[in-house]
Every structure is written in C-alpha cells, then in structure tokens.
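A.B. asks: how would this look folded up:
(2 chains)
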Amino acid sequence: MIENLIILFDEIYKVLFLLIPVLVSVAMIVWLDRRVWAFVQKRRGPNVVGPFGLFQSLADALKYIFKEIIIPASANKVIFILAPIVTMTLALISWAVIPFSEEYVLADINVGILYLFAVSSLGVYGIIMGGWASNSKYPFLGSIRSAAQMVSYEVSIGVIIINVLLCVGSLNLKDIVLAQQNLWFVIPLFPMFVIFFISALAETNRPPFDLPEAEAELVAGYQTEYSGMMYAMFWLGEYANILLMCSMGSILFLGGWLSPINLYPFTLIPAPLWLIFKILLLFILFSLVKAIVPRYRYDQLMKLGWKIFLPFSLIWVVITASYLFYFNLLPVN
Amino acid sequence: MIVHSIFFYIFSIIAVFSAVMVTVSRNTVHSVFFLILDFISISCLFIMIGAEFIGMIMLIVYVGAVAVLFLFVVMMLNVSQQKNEWLSGEKNSKHIPIGLLISTVIFFELIIVAGGWKYKPELLKNFSNLGIDLNTTNTHEIGKVLYTDYIHLFQLSGMILLVAMIGAIVLTFRHREGIKRQSYFKQISRERSEGVEVIDVEKNKGVKIDV
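C.D. replies: From the prediction side, this is the model:
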C-alpha cells in the first residue's frame, strides 16, 4: 500500500514538474510574442511592468482573475463553462508524451505521434462548444469557420506525419528523434517542413489564418461572450497549443533534443535545453509571420488547404516511399 | 491489477451511461456530445486492453472527424424540434417496428459473438497459435496482417470509400453561372499592355469604357 502511494506521489510530482514550467512558459511566451510583434513594427511593446516588461503577463493574469465572469442569460450554461476547460485540458494533456531527452519523458507510449495527432484533432471541440453554447451569432459563425479550418488542415498535417513515419518506421516519439541522429528530417523533407509550419499556423488559428476571430467581421469569433478567467483559459489553451505545435515541429523535423553536431562545445549543453531552444526558434518564426503577413480570405484559405497542400503532400508521400523503396532504405524491423 | 479494474469500471460506466444519454436526452446537440464522450471512453477501453493503435485511430477518425460532421449537421438543421415532435406526436408509431427489428438483429449478433467466446475458450488462452509475437507493438502486427493476407480486401475497401466519396461530391456539386471566380494563373499572367490603356480624351465628349 505504502509503495503504491509512493508511486502515486512520484507520478504527481513528475506531472507537476512538467505542467508548471509549461504554464509559466506560456505566460512568458505571450510576452515574447508581443515583444517580437512590436519590434517588427518599430514599437516598444510591453516594457513597463518589471524588467523589460517581463511581468506583463502576470499583471494581465491578475486582471483576468479579478474580473467578473459573465454568463449570458440565454447561454447553455454547462457547455458554456465546459468549453474553456476542454480547450485548456486538451492543450495540457498532450505535453505528457513530449520527450525532452532520452530520460525526461512522462509517458513513453508506442503510439506517441498518433496520441499527439488525436489530441490536437480533439481541440476543435473546445471551440465548437464555446461558439454554440454562447447562443449568439458572432460566436457561432466564428466557431463554424474555425472548425472547418481546423478539420481541413489536420488532413495535410496527417499526411505530413506519414512522410516522417515512412523514414522512421515507428510511431514512438523517441524513435522519431533518434532516427534523426545523422540527418535531421528538415533537410530531405524540407517542403514538408514548410507545409507543416503553415498548417500549424492554420491549426492553431494564428494569423494569417485567424479568421475565426477576425475582429473586423466577427468581433472576436467564438470567444466573444467570454470574460474574465474563462477568456484567459481560452487564451492559455491557445498559446499552449502553439507551443505544442512548435515542439511537434522540432521533434518531427529539427531533431528534437539532439544537438546539431555531435561535437565538443555543442554536447556541453544539456539535451532538454536544445529542445527548448528549437521550440523558441519556431515560436519566434510564428510571431514574425503574425507581424508581417496580412489575413487570408476564407475561400483562399480553403483552397490552400484542400487544393494545394493536400495533393502536394500526398505526391510527396509517393516520392518518399518510392525513393526509400528503390534505394532499399525502408526501415524494416 | 486492482487499479486496472477500477479504471475499467470507470470507463465502462461512463460508456454505458453516455450511450443511454445519447438516446434519452431531449437536446440533440447534447446527444452528440454524449456520443463523443462514448467514443472517447470506448477508445480508453481499447487502450486498456493493449490495443493502443485501434484506440488512437478511433479517437482520430470518429471523434476528430466523423463526430465533428455530426455536430455540424445537428447544429445546422433544427433536428431537436423534429425529435421532440417524434417523441410527443402521433408520428412515433411508424418508427417502432423498424427500430425493434434492427435492435433484435443487433442483439442476436451480440449473442453470437459472445457465444463464440464461450464455446472456444482455448482460443484466447494460447496466443502462440495465432502467430502473434507478443514482443512487437500491435501497430506492426496489424500492418503485417493487413498488407499481406488481406491486401486485396484492404484495397477493395479503399476503392469503395473512394467511389463513395466521389459520388457524394458529384451529388452535391452544382456549377452556378455568373459567379466571379479567382484564377491565380489569370491574375499573374496579366501584362501591362492588356491592363492599361492610354487614351486621348476629347473635350466635352468623354470616353467609352468597355468592361
């Protein structure tokens, strides 16, 4: 009995050791996003609260906590309250399988990449529930748009994952990273990396694909009726999802925790730091895109997803498979 | 082992409860949400018996794609009103015979499946007879069977799905006249000579512009 309890507390400790840094880094990443955005536009950005404005997110969080939560009278209350919880939970549970190094991984499951894909495809529900339960026109339109968008871009992300899996021969995230010891997949599969990056932008509703919350047309999309802490939870979930997509990109294409070259000065830096560094690099790319690219029109978005990305990545699957088959490189075990 | 059974009972109670709620709840959107909960708990049960591949595929396909479409349809059409009419109005008598027929068929099918288990218990005991290597992951095992022994059936089902998809698109496809469409190729291949024209405007006469 005592041993079981010790195991239980050990697991809880591990989970907290993962979740608290993720939540803190989400807050920090919001600040970083605003700073990068400001620098591109020659502004200063948040720089007042704390050194370099580092505590800005903290101040914002305090503001959200002390605001009143307003639930519209005609809203479907249970689902209205459930929606931000679902978004937040789904954004956090997927961190369980991310390997930070060969030892630091909470759950080393056989189908890690499928788990990530499944959880990110469940993310639609938070948005649909929020939009439907608000019982108002703007949120409903925003959620319908967003769901269509996320479902479309998931398809091409799935096909891109198949490309990587063909080169690895395993669904385990550790195996995917270890297969890149000699060559990161970003080099042979560079077009897939570009498509993955753009699809990740669309999947997380980031600009230029932030149509669900297009301010000019839909006020704030599915989160129009939300206020206070519930709005903040949507927000946290969104940024945790963005970080997750960045870590997925760095695991699939940029070699996860591996250092670029297996030589002396690089090997000094511990493995988790490499992964964090790659995630940050991808995230800065995300926020640069937000600052410099104008918003897409909705039909253009759908056309890009279904008529350009999907056929292209399917053709690339055929090319990868034929190349691997012809040169006898298929990973068979 | 006790933890295993606790989780099994939690998930199966949720599954049965939500399956009942799908049919009982008055609000149709709520029933779809209960259906999703049912799918999720069933896939948790799959993962618990070690079939993690099927569990994950269940999540991706049913919850991530099919149920989203369900939800779309239910939200768009006002099904809940119709359902209420069926429940309270005169129309309900028509549906009872068909429903009874289908449910009896499903009931007997379940009995046959469970009976097979009952009368061939040795099938479960020795996995070695089935040629399953317990050391490999079940993704590998499914791949080995699916792409060798059952490759023709697999390809055939793929073809059927493709035909169904094309059929659905053809049924709903309407080519409407008079809608402006954007053609990137046309836009890019325009040159200055076609786009811009310099005209001398005569005084008090103006110009006629062809569009």
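A.B. asks: what about residue B:196, distance to residue B:190?
C.D. replies: 10 Å (C-beta to C-beta, to the nearest Å). The C-beta positions use only the backbone N, C-alpha and C, and glycine is treated the same way.
A.B. asks: neighbour count winner among the two?
C.D. replies: residue B:190 (10 against 7; other C-beta atoms under 10 Å in any protein chain shown).
A.B. asks: mind checking how far that one is from chain A?
C.D. replies: Using C-beta to the nearest C-beta, to the nearest Å, we find residue B:190 at a distance of 18 Å from chain A.
A.B. asks: does residue A:114 belong to a helix or a strand, and which?
C.D. replies: Assessed by DSSP states H and E, residue A:114 sits inside helix A:112-122.
A.B. asks: Name the residues of that helix that come out as buried.
C.D. replies: Within helix A:112-122, the residues that count as buried by 16 or more other C-beta atoms under 10 Å in any protein chain shown are A:112-122.
A.B. asks: near chain B, which of those residues show up?
C.D. replies: Restricting these to those touching chain B (C-beta under 8 Å from any C-beta of the partner chain) yields A:114-115, A:117-118, A:121-122.
A.B. asks: which one of those residues is nearest residue A:276?
C.D. replies: residue A:115 (21.2 Å; C-beta to C-beta).
A.B. asks: from what I can see the closest one touches residue A:94, true?
C.D. replies: Yes: in this structure, residue A:115 is within contact of residue A:94 by C-beta atoms under 8 Å, at 7.3 Å.
A.B. asks: what's in contact with stretch B:45-58?
C.D. replies: A:109-111, A:114-115, A:117-118, A:171, B:4, B:7-8, B:11-12, B:15, B:39, B:42-44, B:137-139, B:142 (C-beta atoms under 8 Å, 6 or more residues apart in numbering or on different chains).
A.B. asks: out of these, which are buried?
C.D. replies: Buried subset of those (neighbour count, 16+ other C-beta under 10 Å): A:109-111, A:114-115, A:117-118, A:171, B:11, B:15, B:39, B:42-44, B:137-139.
A.B. asks: Report all helices and strands that the helix or strand where residue A:193 lies contacts.
C.D. replies: Using DSSP H and E, residue A:193 falls within helix A:190-203. Contact analysis of helix A:190-203 by 3 or more C-beta pairs under 8 Å, 6 or more residues apart in numbering or on different chains; DSSP states H and E lists helix A:137-168, helix A:228-252, helix A:271-292, helix A:310-326 as its packing neighbours.
A.B. asks: at 6 Å what do you get?
C.D. replies: Here helix A:190-203 touches helix A:137-168, going by 3 or more C-beta pairs under 6 Å, 6 or more residues apart in numbering or on different chains; DSSP states H and E.
A.B. asks: What angle do helix A:310-326 and the helix it packs on make with each other?
C.D. replies: Relative orientation of helix A:137-168 and helix A:310-326, computed by axes from the mean of the first three to the mean of the last three C-alpha atoms, to 10 degrees: 10 degrees.
A.B. asks: Got the confidence number for the residue in chain B that chain A sits nearest to?
C.D. replies: Of all residues in chain B, residue B:64 sits closest to chain A, at 3.1 Å by C-beta to the nearest C-beta. Listed pLDDT for residue B:64 reads 84.
A.B. asks: repeat for residue B:15
C.D. replies: If you check residue B:15, the pLDDT there is 93.
A.B. asks: what sits against it?
C.D. replies: Residues counted as contacts of residue B:15 (C-beta atoms under 6 Å, 6 or more residues apart in numbering or on different chains) are B:38, B:41-42.
A.B. asks: same deal with residue A:256?
C.D. replies: Taking C-beta under 6 Å, 6+ apart, we find residue A:256 in contact with A:177, A:275.
A.B. asks: One more: the one 10 residues further on?
C.D. replies: Residue A:266 makes contact with residue A:259, according to C-beta under 6 Å, 6+ apart.
A.B. asks: mind checking the SS state of it?
C.D. replies: Recorded secondary structure, residue A:266: helix (DSSP: H, G, I helix; E, B strand; the rest coil).
A.B. asks: Residue A:296 is in contact with residue A:208, isn't it?
C.D. replies: Yes: under the criterion of C-beta atoms under 6 Å, residue A:296 makes contact with residue A:208 at 5.1 Å.
A.B. asks: From residue A:275, how far out is the spatially closest residue to residue A:271 that is not a sequence neighbour?
C.D. replies: Leaving aside its sequence neighbours, residue A:271 sits nearest to residue A:101 (C-beta to C-beta, 6 or more residues apart in numbering or on different chains; 3.4 Å). Taking C-beta to C-beta as the measure, residue A:101 falls 8 Å from residue A:275.
A.B. asks: shared neighbours, those two?
C.D. replies: Residues within reach of residue A:101 and of residue A:275 at once, by C-beta under 6 Å, 6+ apart, are residue A:257.
A.B. asks: who has more neighbours, these two?
C.D. replies: Each of residue A:101 and residue A:275 has its neighbours counted (other C-beta under 10 Å); residue A:275 has more, 24 against 17.
A.B. asks: Residues of chain B that sit close to chain A?
C.D. replies: B:52-53, B:56, B:59-60, B:64, B:68, B:137, B:139 (C-beta under 6 Å from any C-beta of the partner chain).
A.B. asks: Which pair of these spans the longest distance?
C.D. replies: Using C-beta to C-beta, the pair of the residues of chain B next to chain A lying farthest apart is B:68 and B:137, separated by 28.6 Å.
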